[in-house]
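Novice: I'd like to go over a predicted model; first the sequence, then the structure.
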Amino acid sequence: MRALDEGESFVITRNGTPVGELLPLRRHRFVAASTVVAMFRDAPPIDAAALRNDLDEIVQQEVPDRA
């Protein structure tokens, strides 16, 4: 369990045949708002209308009849 806590993974075997994997849980990492703001400070502005048009061209949003 200590090794898992330190990030190590294990393959579980039965008679030498792999049957599963034991992995450490992902830990949520907190990122300060100021860090996120700094990361996106120089990002280009988003044109919401152009984004919506692009999405509408790609994604099928009509719901088919079930009857």
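Specialist: Done, it's in. Because the structure is predicted, anything quoted here is derived from the model rather than measured.
Novice: mind checking which helix or strand of the protein has the lowest mean pLDDT?
Specialist: helix 2-5 (a mean of 90; mean pLDDT, DSSP states H and E).
Novice: Next, the buried residues of it.
Specialist: By neighbour count on 16 or more other CB atoms under 10 Å, the buried set for helix 2-5 is empty. From N, CA and C alone the C-beta is placed, and that goes for glycine too.
Novice: How many residues are close by residue 65?
Specialist: By the criterion of other CB atoms under 10 Å, residue 65 has 4 neighbours.
Novice: Distance check, it against residue 56.
Specialist: 21 Å (CB to CB, to the nearest Å).
Novice: How about residue 21?
Specialist: Taken as CB to CB, the spacing of residue 21 relative to residue 56 amounts to 41 Å.
Novice: Counting by contacts, list what the least confident helix or strand of the chain packs against.
Specialist: Using 3 or more CB pairs under 8 Å, 6 or more residues apart in numbering; DSSP states H and E as the contact definition, helix 2-5 packs against no other helix or strand.
Novice: what's in contact with that helix?
Specialist: The contact list for helix 2-5, computed with CB atoms under 8 Å, 6 or more residues apart in numbering, reads 10, 22, 23, 24.
Novice: Go again with 7 Å.
Specialist: Contacts made with helix 2-5 from outside it, assessed by CB atoms under 7 Å, 6 or more residues apart in numbering, are listed as 22, 24.
Novice: Stretch 17-27 now?
Specialist: Where contact means CB under 7 Å, 6+ apart, the residues beyond stretch 17-27 that reach it are 4, 5, 7, 9, 10, 11, 12, 13.
Novice: Spatially nearest residue to the fourth one, not counting backbone neighbours?
Specialist: Spelled out, it's residue 9. Spatial nearest neighbour of residue 9, excluding adjacent residues (CB to CB, 6 or more residues apart in numbering): residue 23 at 5.0 Å.
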